[in-house]
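A.B. asks: okay, here's the prediction I keep looking at, along with the sequence it came from:
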Amino acid sequence: MQGIIGRESELDALKTYLTSSQSEFVAVYGRRRVGKTFLIRKAADEKFAFFLTGVHNASKSEQLTNFAIAYQKASKGERLSIPKNWILAFYELSCYLETLPEGPKVIFIDELPWLDTAKSGFIAALENFWNSWAVLRNDIKLIVCGSATSWMINNLIRSRGGLHNRLTHHLVLEPFTLKECEAYFKAYGFSFSRRQIAECYMAMGGIPYYMSMMDRSMSLAQNIDQLFFAPNAPLKDEFNDLYRALFKNAAPHIDVVTALSTKSRGLTRQEILDATGITDNGAFSVVLDELEQCGFIRLYEPFGNARIAGDKRQKSATIYQLTDFYTLFYFNFVKNNRYQDEHFWTTSLHSPMHNTWCGLSFERLCLSHIRQIKHSLGIAGVQTLACSWRNATAQIDLVIERKDDTVNICEMKYAKEEFEITKDYEAKLQNKLTLFAEETGTRKSLILTLVTTHGVKQNAHSGIVQSEVLLDDLFAP
């Protein structure tokens with residue numbers, strides 16, 4: 001099995017749970033393709049007393065048949081009649097585990113949400129297995145995993161039933177950071193520059209599975225062509241597979257991300273409703289909540305509406321913004337690819353279309369690395385709130401409001417060389433600062449921060465910039 005890249009803290013945590021002196025019930029969740037199963041297999045060194053993977057869109061009887069097959073594999077050939085229900089299935093499992101030698105007994109149930117079919121009684125049986133048997137021992141290590149993040153949170157972490165407060169630990173696995181992507185590419189012999197790694201991130205995010213499909217003998221552009229635009233490209237149809245695997249009824253989720261894909265700045269709840277025609281009710285709130293929990297969208301407040309802890313919080317018009325890099329790339333270039341060119345990305349390099357995409361996607365890249373931006377600015381230890389601001393004529397996509405009475409006004413600019421501030425752009429920046437101060441009425445100090453790929457070129461107009469963050473800074477741990 002390949003070595004693991006990054007995930008050091010998560011790996012150490014899992015190993016600690018697996019060697020503890022008590023039974024453990026651990027939930028690991030995160031976006032599909034992010035590497036959850038790989039991490040768990042690595043932590044357990046493939047030594048499972050029992051390993052079961054749920055089957056997508058299978059019936060209760062099919063899931064129970066799958067359980068019987070997994071039981072036979074674990075017991076090295078001992079046949080098990082297909083259980084009639086999950087209560088009997090978990091009873092058979094407990095009987096088998098009691099025959100094993102002393103020592104930790106690791107049970108790994110992958111894609112747990114898929115086992116919870118309609119009227120299956122699965123959750124009640126799992127509760128009974130843990131509450132009446134496993135928790136009474138000190139050697140059971142139950143690890144459950146699922147990509148349907150909202151299901152994992154609502155049915156396990158926030159459970160109000162028999163599993164309430166029964167989890168001993170839970171881990172959320174996030175996409176790789178730029179630093180972890182760099183470590184991955186280095187470990188597998190790629191010679192991409194940091195700008196190329198950033199562009200790769202802007203196309204598909206820090207998703208290890210997508211990166212594992214790349215070929216080190218090809219350029220980045222060739223890899224993108226191969227993954228998205230070639231005949232039978234593996235990521236061409238990933239969109240539908242991704243959303244339908246995560247949500248039982250994916251149609252409203254797809255409607256929402258489709259609407260959000262048309263507005264890079266994001267939409268309010270009412271604007272999403274107007275664009276999709278979805279009814280404004282509790283079910284719609286669940287859709288938004290599930291998309292946020294799964295990491296596809298983010299919520300943020302306009303400056304002046306949200307307040308960092310300790311300040312009064314005002315009623316706000318929350319903005320919902322699509323942040324999943326793969327989804328954004330899919331909508332921009334794959335969904336309606338009228339060119340039907342298997343070398344589309346290679347031939348598009350340096351075109352106005354490519355340059356526009358780089359500019360917008362670089363902003364999203366920065367927003368996904370705010371912790372690194374704060375570290376570069378020397379304010380990692382300062383309590384902050386990241387938000388945005390806009391009026392009829394200007395907008396600022398990243399405002400970092402600080403508890404030390406300071407606000408960083410962040411402009412994010414992608415450039416292949418040093419970014420040059422012209423006379424007109426200096427005037428535009430000054431106008432933004434003036435409008436922001438006047439319309440928000442803030443009394444905090446304003447610091448204009450430019451986040452760029454290679455820094456700001458020094459000239460007669462660069463003095464307006466008070467602090468800089470470079471692409472290299474985004475590669476911090």
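C.D. replies: Sure, I can see it. Numbers count the residues shown, from 1 in each chain.
A.B. asks: low-confidence ranges in the protein?
C.D. replies: 1-3, 304-316, 338-339 (pLDDT under 70).
A.B. asks: what residue is smack in the middle of it?
C.D. replies: Closest to where the C-alpha atoms of the chain average out (C-alpha atoms, centre = their mean) is residue 295, at 4.1 Å.
A.B. asks: how close does that residue get to residue 462?
C.D. replies: The gap separating residue 295 from residue 462 is 36 Å, by C-beta to C-beta, to the nearest Å. The way it works is simple: take the backbone N, C-alpha and C, and place the C-beta from them, glycine included.
A.B. asks: which stretches of the stretch 251-400 of the chain form helices?
C.D. replies: Assigned by DSSP state H, counting those that start in this stretch, the stretch 251-400 of the chain shows helices spanning 251-260, 269-276, 282-293, 325-329, 344-348, 352-367, 370-377.
A.B. asks: for the stretch 101-250 of the chain, same thing?
C.D. replies: So, for the stretch 101-250 of the chain - with DSSP H, counting those that start in this stretch - the helices run 122-132, 149-152, 178-187, 194-204, 208-212, 220-224, 238-246.
A.B. asks: out of the ones you listed, which gets nearest to residue 342?
C.D. replies: Ranking those by distance to residue 342, with C-beta to C-beta as the measure, places helix 220-224 first at 10.5 Å.
A.B. asks: export only the CA atoms of that closest one, formatted as PDB.
C.D. replies: What follows is helix 220-224, C-alpha atoms only, in PDB (Å, rounded to 0.1, in the frame of the first residue of the first chain):
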ATOM      1  CA  LEU A 220      -0.400  20.000 -16.400                       C
ATOM      2  CA  ALA A 221      -2.400  21.100 -19.500                       C
ATOM      3  CA  GLN A 222      -2.200  17.600 -21.000                       C
ATOM      4  CA  ASN A 223      -3.300  16.100 -17.800                       C
ATOM      5  CA  ILE A 224      -6.400  18.400 -17.600                       C
END
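A.B. asks: who's in contact with that helix?
C.D. replies: The contact list for helix 220-224, computed with C-beta atoms under 8 Å, 6 or more residues apart in numbering, reads 192, 196, 199-200, 203, 214-215, 345-346, 349.
A.B. asks: quick one: which of the residues you listed is nearest residue 83?
C.D. replies: residue 214 (42.6 Å).
A.B. asks: relative to residue 410, how far out is that closest one?
C.D. replies: With C-beta to C-beta as the criterion, residue 214 and residue 410 are 31 Å apart.
A.B. asks: next, count neighbours for residue 299.
C.D. replies: 16 (other C-beta atoms under 10 Å).
A.B. asks: returning to what we had before: so for residue 214 and residue 410, which sits in the more crowded spot?
C.D. replies: Using other C-beta under 10 Å, the more surrounded residue of residue 214 and residue 410 is residue 410, with 25 against 21.
A.B. asks: for the more buried one, list each beta-bridge partner.
C.D. replies: Counting by DSSP bridges, residue 410 forms beta bridges with residue 398, residue 449.
A.B. asks: quick check: it touching residue 373?
C.D. replies: Yes - contact criterion C-beta atoms under 8 Å: residue 410 and residue 373 qualify, at 7.3 Å.
A.B. asks: tell me, what's touching the two both at once?
C.D. replies: By C-beta under 8 Å, 6+ apart, the residues touching both residue 410 and residue 373 are 366, 400, 451, 469.
A.B. asks: quick one: residues contacting the first one.
C.D. replies: With contact set as C-beta under 8 Å, 6+ apart, residue 366 has these partners: 373, 398, 410, 412, 451, 474.
A.B. asks: now, among those residues, which is nearest to residue 355?
C.D. replies: Closest to residue 355 out of the contacts of residue 366 is residue 412 (14.6 Å), distances taken as C-beta to C-beta.
A.B. asks: how is the chain carved up into domains?
C.D. replies: 8-172, 182-365, 369-477 (automatic domain parsing).
A.B. asks: now the last one, how far from the chain's geometric center?
C.D. replies: Going by C-alpha atoms, centre = their mean, to the nearest Å, the spacing between the C-alpha centre of domain 369-477 and its chain's C-alpha centre is 25 Å.
A.B. asks: start and end of that domain, how far apart?
C.D. replies: End-to-end distance for domain 369-477: 10 Å, by C-alpha to C-alpha, to the nearest Å.
A.B. asks: the longest one too?
C.D. replies: Criterion C-alpha to C-alpha; first-to-last residue distance in domain 182-365 is 15 Å.
A.B. asks: and what of stretch 227-239?
C.D. replies: End-to-end for stretch 227-239, by C-alpha to C-alpha: 13 Å.
A.B. asks: same deal with stretch 29-37?
C.D. replies: Stretch 29-37: ends 10 Å apart by C-alpha to C-alpha.
A.B. asks: give the buried residues for that stretch.
C.D. replies: Neighbour-count burial for stretch 29-37, counted by 16 or more other C-beta atoms under 10 Å, picks out 29-36.
A.B. asks: keep only those of those residues that are in helices.
C.D. replies: residue 36 (DSSP state H).
A.B. asks: and the buried residues of stretch 29-37, which is closest to residue 153?
C.D. replies: Among the buried residues of stretch 29-37, residue 29 lies closest to residue 153 (C-beta to C-beta), at 7.2 Å.
A.B. asks: which residues touch the closest residue to the closest one other than its chain neighbours?
C.D. replies: In this structure, residue 29 finds its nearest non-sequential neighbour in residue 152, 4.0 Å apart by C-beta to C-beta, 6 or more residues apart in numbering. By C-beta under 8 Å, 6+ apart, residue 152 lies in contact with 27, 29, 112-113, 144, 146.
A.B. asks: and the residues you listed, which two are the farthest apart?
C.D. replies: Most distant of the contacts of residue 152, by C-beta to C-beta, are 27 and 113, 10.9 Å apart.
A.B. asks: out of the two, which sits in the busier spot?
C.D. replies: residue 113 (25 against 22).
A.B. asks: surely that one touches residue 146?
C.D. replies: Yes - here residue 113 reaches residue 146: they are 4.5 Å apart, a contact under C-beta under 8 Å.
A.B. asks: count of residues packed around residue 273?
C.D. replies: So residue 273, with other C-beta under 10 Å, has 16 neighbours.
A.B. asks: does anything pack onto the longest helix along the chain? Which helices or strands?
C.D. replies: In the chain, assigned by DSSP H, the helix with the most residues is helix 423-440. Applying 3 or more C-beta pairs under 8 Å, 6 or more residues apart in numbering; DSSP states H and E, one finds that helix 423-440 contacts strand 406-413, strand 445-452.
A.B. asks: in that helix, what counts as buried?
C.D. replies: 426, 429, 432-433, 435-436, 440.
A.B. asks: redo the residues you listed as a markdown table? Include distance to residue 105.
C.D. replies: Shown next, in a markdown table, are these (distance: C-beta to C-beta, whole Å):
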| residue | distance to residue 105 |
| --- | --- |
| 426 | 67 |
| 429 | 62 |
| 432 | 61 |
| 433 | 62 |
| 435 | 64 |
| 436 | 59 |
| 440 | 58 |
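A.B. asks: which helix or which strand is home to residue 40?
C.D. replies: helix 36-44 (DSSP states H and E).
A.B. asks: follow the chain on from that helix and name the next helix or strand.
C.D. replies: strand 50-53.
A.B. asks: the helix or strand just after that next one versus helix 122-132: what angle between them?
C.D. replies: Once strand 50-53 ends, the next helix or strand along the chain (criterion: DSSP H and E) is helix 60-74. Angle of helix 60-74 versus helix 122-132, following axes from the mean of the first three to the mean of the last three C-alpha atoms, to 10 degrees, is 40 degrees.
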